[in-house]
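In: Can you look at this prediction? I've put the sequence above it.
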Amino acid sequence: MQEIIGVFFICFGIFFSVMGVAGLIRFPDIYSRIHASGKVSTLGIVGLLIGAAFLFPDTALKGIVLVIFLVSTAPVASHAIANGAHHSGVPMHKPIRDDLEKAEKSGQHNTISHNT
């Protein structure tokens with residue numbers, strides 16, 4: 001039973017990893033691509049780590065620690081990349097709404113000072 005659950009999570013992780021790669025290839029701009037790599041690929045890697053923990057119980061603690069680390073750092077990294085792209089002036093593909101630009105114009109945006 002443990003092997004079946006492990007294989008299920010491995011397949012789950014592979015599916016979401018492939019969807020993340022497809023998003024990186026198909027999406028038109030960096031902001032959409034960050035969404036694909038930050039959310040979908042993180043879910044894929046978490047699935048792979050959980051599957052590996054079921055298949056190799058000796059390494060389950062390491063897998064759990066890696067899942068916690070990944071879930072806590074991947075969103076921060078994605079946000080930092082998207083924020084850097086926005087500050088560099090990378091345009092959005094068909095922007096519907098830009099909350100960050102509104103906050104910058106109104107002076108409500110807390111940023112680290114950029115010395116150029």
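Out: Noted; the coordinates are in hand.
In: Show the pLDDT at the most centrally placed residue in the chain.
Out: The geometric centre of the chain, computed from its C-alpha atoms, lies nearest to Gly38 (Cα atoms, centre = their mean), at 1.3 Å. Looking at Gly38, its pLDDT is 83.
In: for the residue nearest to it when sequence neighbours are not counted, helix, strand, or coil?
Out: Nearest residue to Gly38, sequence neighbours excluded (Cβ to Cβ, 6 or more residues apart in numbering): Ser78, at 3.2 Å. Using the backbone N, CA and C atoms, a C-beta is placed for each residue, glycine as well. Taken by DSSP: H, G, I helix; E, B strand; the rest coil, the conformation at Ser78 corresponds to helix.
In: Pull the contacting residues for Ser78.
Out: Residues in contact with Ser78, defined by Cβ atoms under 8 Å, 6 or more residues apart in numbering, are Ile34, His35, Ser37, Gly38, Lys39.
In: again, only using 10 Å
Out: Arg33, Ile34, His35, Ala36, Ser37, Gly38, Lys39, Ser41, Thr42 (Cβ atoms under 10 Å, 6 or more residues apart in numbering).
In: same check, this time on Gly47
Out: Counted by Cβ under 10 Å, 6+ apart, Gly47 has contacts Phe8, Phe9, Ile10, Cys11, Phe12, Gly13, Ile14, Phe15, Phe16, Ser17, Val67.
In: what would the residues you listed look like in a markdown table with pLDDT and secondary structure?
Out: Converted to a markdown table, the contacts of Gly47 look like this (pLDDT from 0 to 100; DSSP: H, G, I helix; E, B strand; the rest coil):
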| residue | pLDDT | secondary structure |
| --- | --- | --- |
| Phe8 | 96 | helix |
| Phe9 | 96 | helix |
| Ile10 | 96 | helix |
| Cys11 | 96 | helix |
| Phe12 | 95 | helix |
| Gly13 | 94 | helix |
| Ile14 | 95 | helix |
| Phe15 | 94 | helix |
| Phe16 | 92 | helix |
| Ser17 | 90 | helix |
| Val67 | 92 | helix |
